Each structure stands twice: as structure tokens, then as C-alpha cells.
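In: Based on what follows, work out the 3D shape:
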Amino acid sequence: MVIVCGADPLIALAQVERLDLLLRLAGGELQISDGVWEEVVRRGVADDIVTAKLLHTLVHARKLRHHRIKLAADDPALALGEEQTLALAVQLNADLVLLDDPVARQAARAIGLKVRGSVSVLLESARHSYISDEQARTLAYRMATRAAAWIDPELVENLQHWP
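Out: Purely as a prediction, here's the structure:
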């Protein structure tokens, strides 16, 4: 399965120390754009952010591959990393693109991409019994309360009544 990931899901899952779930669902390899690499890893390592160091390690282990992307046109509604994520997903004919930003998710759907977010990684992991339902709820709550990740609070609230 080819999964292209934006910055927010990488950050959110790394912050709750569950990138392993994402890699497991992706079959061991995840695709990111160079813009996401720059935003999440390169700047983060320079700022001594633990999350970035973890992602840097995954790149060297060949579990996280970053691709240079040239954009045909700029979309002022999207950040560079998000634009590149969408372009990469199209280029690789991705099975799934992971984005948490609502505008980026809408743009992905508009061009026919199957899009999910960080919480869906947790739900899918619970469905495959990689984690329990309770762990999925707890991790979603932890992600939603982290400053660096945007997770829809209503979605997290609805998880309290799931499954």
C-alpha cells in the first residue's frame, strides 16, 4: 500500500510515540515530500526536537522516503508541504494520503485522492488489533491535546462512545 503523509500526522503520531502504527499500516515504508521533510525533520533536528530526530532515524532506516517535488502552480490556501504532499500522492498514485488540516483534506478530495488523518491511523490500528480500542481513544485524546497537532476536538469526543 502506498501511503503519502503530510507533516501533521507525522508530528502527531511521533509525539504520542506511535509512528510504528503508521509504518505497520503502510507496510513498512511511508512516502513524504521534500517540503514535509524540510518542515518536520531538517528544521526540527536543527532545533533539537526529539520528534524530528526519530523521523531522521526512520529515513536512514529506509522506512521513510522523501521525494523532491516540483509544483506546477502555487495554491495560496495550502502550505508548501501540503501542496507537495498532494502532488506526490498524485505522482505515486497513492492508495491513501494522510493529512489533518481541513483545507488540505478538502483539496485532496477535490482531486480524487482517498484521504484520512491521524485519528484514522489509530482506528485502523485498533481494527487490525495492533492496539486496543481503549488505547486508540487514549492516544487520540493525547494527540488532540498536543499544541503541535490539529485534531478535531469533536472527533475525539465522539471516540469516547466508540465502538
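
In: The residue nearest to Gln84 when sequence neighbours are not counted - how many residues pack around it?
Out: Once flanking residues are discounted, Gln84 sits nearest to Ser33: 3.4 Å by CB to CB, 6 or more residues apart in numbering. For glycine as for every other residue, the C-beta is placed from the backbone atoms N, C-alpha and C. Using other CB atoms under 10 Å, Ser33 has 28 other residues around it.

In: Tell me the backbone dihedrals of Ser33, please.
Out: When quoted as degrees, to the nearest 10, the phi and psi of Ser33 stand at phi -80, psi 160.

In: On the strand side of things, show who it bridges to.
Out: His67 (DSSP bridges).

In: Beyond the least confident helix or strand in the chain by mean pLDDT, next helix or strand please.
Out: Lowest mean confidence among the helices and strands of the chain (mean pLDDT, DSSP states H and E): strand 64-67, at a mean of 54. Once the chain leaves strand 64-67, the next helix or strand it forms, by DSSP states H and E, is helix 80-91.

In: Report the rounded mean pLDDT for the very next helix or strand once past that next one.
Out: Downstream of helix 80-91, the first helix or strand assigned by DSSP H and E is strand 96-98. The average pLDDT within strand 96-98 is 94.

In: Run through the residues that contact Pro9.
Out: Leu22, Leu98, Leu99, Asp100, Gly117, Ser118, Val121 (CB atoms under 8 Å, 6 or more residues apart in numbering).

In: ok, 10 Å please
Out: Pro9 is in contact with 3, 19, 22, 30, 36, 85, 97-101, 116-121, 143, 149, 151, counting by CB atoms under 10 Å, 6 or more residues apart in numbering.

In: Quick check: it vs Leu25, distance?
Out: Per CB to CB, to the nearest Å, Pro9 is found 11 Å from Leu25.

In: Now for these two: what residues contact both?
Out: Joint contacts of Pro9 and Leu25 (CB under 10 Å, 6+ apart) are Ile3, Leu98, Arg116, Ser120, Val121.

In: now the strands for this structure?
Out: 3-5, 30-33, 64-67, 96-98, 115-116 (DSSP state E).
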